[in-house]
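K.L.:
what follows is a predicted structure for the sequence shown.
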Amino acid sequence: MRALRYKSLMIVGLVLTLGLSTTFAGDKDKDDANKRPKNTGILSVETEKAPLPVFIDGQNRGMSGVGTGFEWYLTPGIHTVEVKGPNGAVYTKEVQILKNQKICICLKVRETTVTKDCPYFFSLEIQDKDKVRTEGDIVTLTANYSGTIPSSLHYKWTVTPDTVTGSSKLDGLTITIDTTGMGGRTIEASVYVDDDLYDHRCHQNISTSIPVEKKPEPPVPHICDEVDAPNKDQAKARFDSCVLQLTTDPNASYYAVIYPGTDKISTTVNTYEKSRKWMFDYLVNKRRIDANRIRIVQGSTRVKTRFVVWIIPAGASLPPIN
């Protein structure tokens, strides 16, 4: 958050009193003395860089001199002198004018800078901040403020890379970000807050980083074993390795496709119905596989009966049957 800074102007001066009686030796001084009204003193006001309005006893008496003071003849007594500078700065001085004396006021404008904290401070909050973001998740960011939000604030959200889409809500205090396509990358989000109340000198920029993990690859089935025209003992020995894989993944299932053969043995001894029955009995009764995890289907015909066993992880699609 940037601090609020503003400039303050003040007029500082030096006041000198000079006796005129000691300066009348020259011809010019004699001429000045002859022009000066009797029983008066002189007020001289000099400013640096630029002339400034001079008020004497509340009346505008013209402009100050630059480099050389501008002079006014005043009656003896107390007079109030005001010199008005830029941006409302005023120099005020009561001076005592004495007969045959000159009061010199030499002024300069001094500029100072005042710094104070901005009157607002926002924090950035991520909804479910401890959640691991995965590609495709929607992320919600909110600029939080403790107390009543000052009026006339403006909010500008920035999200990078520019391929990320975001939409602002709730008068700019909240933004939602779609992380689609951002797997393995980091989103940078920031909000810039400023105001109309302090001439835009007071503002805040807060940001955060959102790492996005890649979306996990979907599980795929894989062939555990393929056996052509086996006898029962050969098939059981071969399929035991598939049973072992099931025990290491309790969520996987056993998926067998039996392609019935057209030869004599296949159509008499190893028909689909007979093969299906002994395979199911072996897996359930001998290997104690839950029947709900077993699926046996019939494929198209082959020259000889063929068994293909798949292991199907949880969430994977079933393989096509041809």
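P.N.:
Good, I have the coordinates. Numbering: from 1, shown residues only.

K.L.:
which residues in the stretch 101-250 of the chain form strands?
P.N.:
101-116, 122-126, 138-145, 153-160, 165-169, 174-178, 185-195, 203-212, 222-228 (DSSP state E, counting those that start in this stretch).

K.L.:
which parts of the first one are buried?
P.N.:
With burial defined by 16 or more other Cβ atoms under 10 Å, the residues of strand 101-116 counted as buried are 101, 102, 103, 104, 105, 106, 107, 109. The C-beta positions use only the backbone N, C-alpha and C, and glycine is treated the same way.

K.L.:
flag the shaky bits of the stretch 151-300 of the chain, pLDDT-wise.
P.N.:
Applying pLDDT under 70 to the stretch 151-300 of the chain flags residues 166, 168-171, 196-200, 229-230.

K.L.:
now for the closest residue in space to residue 271 that isn't next to it in sequence: which residues touch it?
P.N.:
Excluding the flanking residues, the one nearest residue 271 by Cβ to Cβ, 6 or more residues apart in numbering is residue 260, at 6.5 Å. Residues in contact with residue 260 (Cβ atoms under 8 Å, 6 or more residues apart in numbering) are 266, 267, 270, 271, 272, 275, 298, 299, 301, 302, 305.

K.L.:
related to what we said a few turns ago, got JSON lines for the strands of the stretch 101-250 of the chain, with distance to residue 52 too?
P.N.:
Compiled in JSON lines, these are given as follows (distance: least, Cβ to Cβ, whole Å):
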{"stretch": "strand 101-116", "distance to residue 52": "7"}
{"stretch": "strand 122-126", "distance to residue 52": "43"}
{"stretch": "strand 138-145", "distance to residue 52": "44"}
{"stretch": "strand 153-160", "distance to residue 52": "38"}
{"stretch": "strand 165-169", "distance to residue 52": "50"}
{"stretch": "strand 174-178", "distance to residue 52": "52"}
{"stretch": "strand 185-195", "distance to residue 52": "34"}
{"stretch": "strand 203-212", "distance to residue 52": "35"}
{"stretch": "strand 222-228", "distance to residue 52": "92"}
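
K.L.:
looking at the ones you listed, spot the one closest to residue 81.
P.N.:
Closest to residue 81 of these is strand 101-116 (Cβ to Cβ; 6.6 Å).

K.L.:
and for the nearest residue in space to residue 267 that is not next to it in sequence, the neighbour number?
P.N.:
Excluding the flanking residues, the one nearest residue 267 by Cβ to Cβ, 6+ apart is residue 261, at 7.3 Å. Neighbours of residue 261 under the rule other Cβ atoms under 10 Å: 20.

K.L.:
the one 10 residues further on now?
P.N.:
Each residue near residue 271 was counted by other Cβ under 10 Å, and the total is 16.

K.L.:
got it, and the one 5 residues further on?
P.N.:
Neighbouring residues of residue 276 were enumerated by other Cβ under 10 Å; the total is 16.

K.L.:
surely it meets residue 299?
P.N.:
No - using Cβ atoms under 8 Å, residue 276 makes no contact with residue 299, being 11.7 Å away.

K.L.:
show me the domain layout of the protein.
P.N.:
According to automatic domain parsing, the chain comprises the domains 4-115, 122-212, 222-312.

K.L.:
what would those domains look like in a markdown table with distance to residue 321?
P.N.:
A markdown table is the format used below for the domains of the chain (distance: least, Cβ to Cβ, whole Å):
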| stretch | distance to residue 321 |
| --- | --- |
| domain 4-115 | 74 |
| domain 122-212 | 32 |
| domain 222-312 | 5 |
